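In: below is the structure, and that's it, no one-letter string:
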DNA sequence: GGGGGCCGGGG
DNA sequence: GTGTACGGCCCCC
């Protein structure tokens, strides 16, 4: 037996002899630092839970299906412990195949946790986190003995027992940014006709290259005979640089699909995955995403939209925002002219192309740390986190926490529940329209984390919400009268409580930190916690959520309105006059003589 | 004011 | 892949 320690970058599963095999993709630590590893775990089994109507009959019925095992499991649900039937299946694909049939039998009331993707289930159940270190025991395999084709310098390892999470530092990742230029004289590029003329590459370790089919005196230009050679050279560079992250700008929807289409046309195999696989594309609702196995493809366009508040999100605009510098710009519809003209124009185009890739690297350095921390916090793959709405992050965070404390995860709403929920909207925060005019002696007041604080102090949670409150002590929301048990502490309040406590701890550590790098890391960690805590209130009011409860959303905002109004009244007793208020704060003027300023 | 349709980025 | 997901703005009624 050998053991390996590595930073977990990505995870998926493949099928071998009809059995699912989990693959953990990582970068080794210690003796073989920086080498890629693919760890195989053949022992993990898919499962779902069943809520029985008739226990005996249900077990009998379930055993009629082609399932591996049926057994009892005790789980917390809505504040009580209940017994569920845990059904272990042979293959993850059996879940979508069998779940509707299982749900529809008479002895079954409902099915639970049937829509948690296998790789996510693995991360949660094994308590391991992407972007953190993991220790595994087992043995190295011969790369030729596995049914994927990876390079000889990749360590393939079969795991025995469980992976062990290691409390680890923020990992240093190797990034490679890329950008393509296309010869498109007839408007938007058409992959069928318009060739790729340049591929620019920039790593965070100094590489700056532009591959092209034209020559140049510029030292960063590498000339290839044909477009096909250029694509092959791109594959070669990715393999030799072996980056953890591949970064582009709008690359999910432009560069990657374009590269795929040209490569197909030119019969080039884009084997840039650590396991020797090519580009994969996934439909994610309204957009696509491109993935490269073992590396993490990140599209900074998505992150820019999430983290920056701008009117437009062009690469140029985002760069200007973050660095306050103007980039060299070549309008998209003139690129072909710069190319055709040659000379100085071509030189400008080469510079522009490289500048785009370098800008992507620089923007990545600013935006990626927060996503990295969210990945370590939420515990889902970086690839997913970089494409997830904050609300979804909250949900996956809660799912992990539910597993940790032995709680059952509520189901997602059915389409009828969803449309019913969509009709309801909780009233928002209190807003006082601003008093017109120019005001002097302004003071401002605001609550720190108002909604998270209300959830904690009033124990607002789906599992503490009660219809009647006779023998127990309850908190009763203003206006609507929703009731919440004072004890025990609810699921969501306890989690927000821990997040806020952890954040205070980090902020104190930040004060004491002397090393600027350490301070910076702590700062990003506390920002990630803040993001999560602040979006947690939304869980209650968003119709797609598993922990949706409109009463909780209504109660939180009702208390919020109550607090702000009461505070304003109190302030008025002391001679302040509120001139504007919104949700968690207000502005007031101080008028000791009580002059009347309203119109 | 509410529902439906379109678009974002990329060259 | 134990998938199938946005949100803001404009127009029109």
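Out: Looks like it came in fine. Bear in mind the structure is a predicted one, so any value in this text is a computation, not a measurement.

In: list the residues that contact the residue nearest to residue A:507 when sequence neighbours are not counted.
Out: Of all residues not flanking residue A:507 in the chain, residue A:526 sits nearest, at 5.7 Å (Cβ to Cβ, 6 or more residues apart in numbering). Where you see a C-beta, it was placed from the backbone N, CA and C, and this is true even at glycine. Going by Cβ atoms under 8 Å, 6 or more residues apart in numbering, residue A:526 touches A:503, A:506-507, A:510.

In: and residue A:526, how close does it get to DNA strand C?
Out: 24 Å (Cβ to the nearest atom of the strand, to the nearest Å).

In: you'd agree that residue is in a strand?
Out: No: Residue A:526: not assigned to a strand; according to DSSP: H, G, I helix; E, B strand; the rest coil it is helix.

In: report pLDDT for it.
Out: For residue A:526, the model assigns a pLDDT of 93.

In: how about residue A:163?
Out: pLDDT at residue A:163 comes out at 97.

In: in the strand or helix carrying it, what counts as buried?
Out: Assigned by DSSP states H and E, residue A:163 belongs to strand A:155-166. Residues A:155-159, A:162-163, A:165-166 are the ones in strand A:155-166 that count as buried (16 or more other Cβ atoms under 10 Å).

In: what's that strand packed up against?
Out: In terms of contacts (3 or more Cβ pairs under 8 Å, 6 or more residues apart in numbering; DSSP states H and E), strand A:155-166 is packed against strand A:2-16, strand A:19-28, strand A:36-41, strand A:133-140.

In: and the stretch 201-350 of chain A, which residues reach DNA strand C?
Out: A:282-286 (Cβ under 7 Å from any atom of the strand).

In: can you give the domain ranges for chain A?
Out: Annotated domains of chain A cover A:2-42+A:123-166, A:47-122, A:175-378, A:412-586 [automatic domain parsing].

In: and for stretch A:213-224, what's in contact with it?
Out: Where contact means Cβ under 8 Å, 6+ apart, the residues beyond stretch A:213-224 that reach it are A:195, A:197, A:208-212, A:225-227, A:230, A:233, A:339, A:342, A:346-347, A:350-351, A:354.

In: what does the stretch 451-599 of chain A have sitting close to DNA strand C?
Out: Within reach of DNA strand C by Cβ under 7 Å from any atom of the strand, the stretch 451-599 of chain A has these residues: residue A:544.

In: OK, contacts around the closest residue to residue A:294 other than its chain neighbours?
Out: Sequence neighbours aside, residue A:274 is the residue nearest to residue A:294 in space, at 2.6 Å (criterion: Cβ to Cβ, 6+ apart). Applying Cβ under 8 Å, 6+ apart, we find residue A:274 in contact with A:25, A:36, A:38, A:150-151, A:154, A:293-295.

In: helix or strand for residue A:274, which one?
Out: Residue A:274 belongs to no helix or strand, assigned by DSSP H and E.

In: do you know how far it is from DNA strand B?
Out: Distance, residue A:274 to DNA strand B, by Cβ to the nearest atom of the strand: 26 Å.

In: confidence score at that residue?
Out: On pLDDT, residue A:274 comes in at 94.

In: filter the contacts of residue A:274 to the buried ones?
Out: A:25, A:36, A:38, A:150, A:154, A:293-295.

In: and the single nearest residue of chain A relative to DNA strand B, how many neighbours does it have?
Out: Closest approach between chain A and DNA strand B, counting by Cβ to the nearest atom of the strand: residue A:332, at 2.1 Å. Using other Cβ atoms under 10 Å, the number of residues around residue A:332 comes to 13.

In: apart from its chain neighbours, what residue comes closest to residue A:171?
Out: Distances taken as Cβ to Cβ, 6+ apart place residue A:7 nearest to residue A:171, at 4.6 Å, with adjacent residues excluded.

In: surely that neighbour and residue A:30 touch.
Out: No: Residue A:7 is not in contact with residue A:30 according to Cβ atoms under 8 Å; the separation is 11.2 Å.

In: and those two? Which one has more around it.
Out: residue A:7 (22 against 9).

In: tell me the pLDDT of the more buried one.
Out: Here, the pLDDT recorded for residue A:7 equals 97.

In: Provide a list of residues in contact with it.
Out: Here residue A:7 is in contact with A:26-27, A:29, A:131-134, A:168, A:171, A:244 (Cβ under 8 Å, 6+ apart).

In: so which residues on chain A come close to DNA strand B?
Out: Taking Cβ under 7 Å from any atom of the strand as the contact definition, chain A meets DNA strand B at A:179-182, A:184, A:187-189, A:249-250, A:253-254, A:286-287, A:301, A:312-316, A:331-333, A:335, A:356.

In: phi, psi of residue A:584?
Out: The phi/psi pair for residue A:584 (degrees, to the nearest 10) reads phi -120, psi 20.

In: can you give me the helices in the stretch 351-500 of chain A?
Out: With DSSP state H, counting those that start in this stretch, the ranges of helices along the stretch 351-500 of chain A come out as A:382-385, A:390-405, A:415-422, A:450-457, A:491-512.

In: quick one: distance of the longest one to the chain centre.
Out: It refers to helix A:491-512. Distance of helix A:491-512 from the chain centroid (Cα atoms, centre = their mean, to the nearest Å) equals 20 Å.

In: elements contacting it?
Out: Judged by 3+ Cβ pairs under 8 Å, 6+ apart, the packing partners of helix A:491-512 are helix A:390-405, helix A:450-457, helix A:516-536.

In: can you tell me how far the closest residue to residue A:226 other than its chain neighbours is from residue A:181?
Out: Nearest residue to residue A:226, sequence neighbours excluded (Cβ to Cβ, 6+ apart): residue A:213, at 6.5 Å. Distance of residue A:213 to residue A:181, given as Cβ to Cβ, to the nearest Å: 11 Å.

In: and the two? Which one has more around it.
Out: residue A:181 (24 against 18).

In: which residues touch that one?
Out: A:196-198, A:200, A:335, A:339, A:349, A:353.

In: out of those residues, who's nearest residue A:468?
Out: Distance to residue A:468 across these (Cβ to Cβ) is lowest for residue A:200, with 66.7 Å.

In: secondary structure of the closest one: a strand, I assume?
Out: Yes: under three-state DSSP, residue A:200 falls within a strand.

In: am I right that it is in contact with residue A:356?
Out: Yes: here residue A:200 reaches residue A:356: they are 6.3 Å apart, a contact under Cβ under 8 Å.

In: residue A:84 - that's part of a helix, no?
Out: No: per three-state DSSP, residue A:84 lies outside any helix segment and is strand.

In: and stretch A:30-43, how far out from the chain middle?
Out: 24 Å.

In: swap in stretch A:416-435?
Out: Its chain's C-alpha centre and that of stretch A:416-435 lie 26 Å apart, by Cα atoms, centre = their mean.
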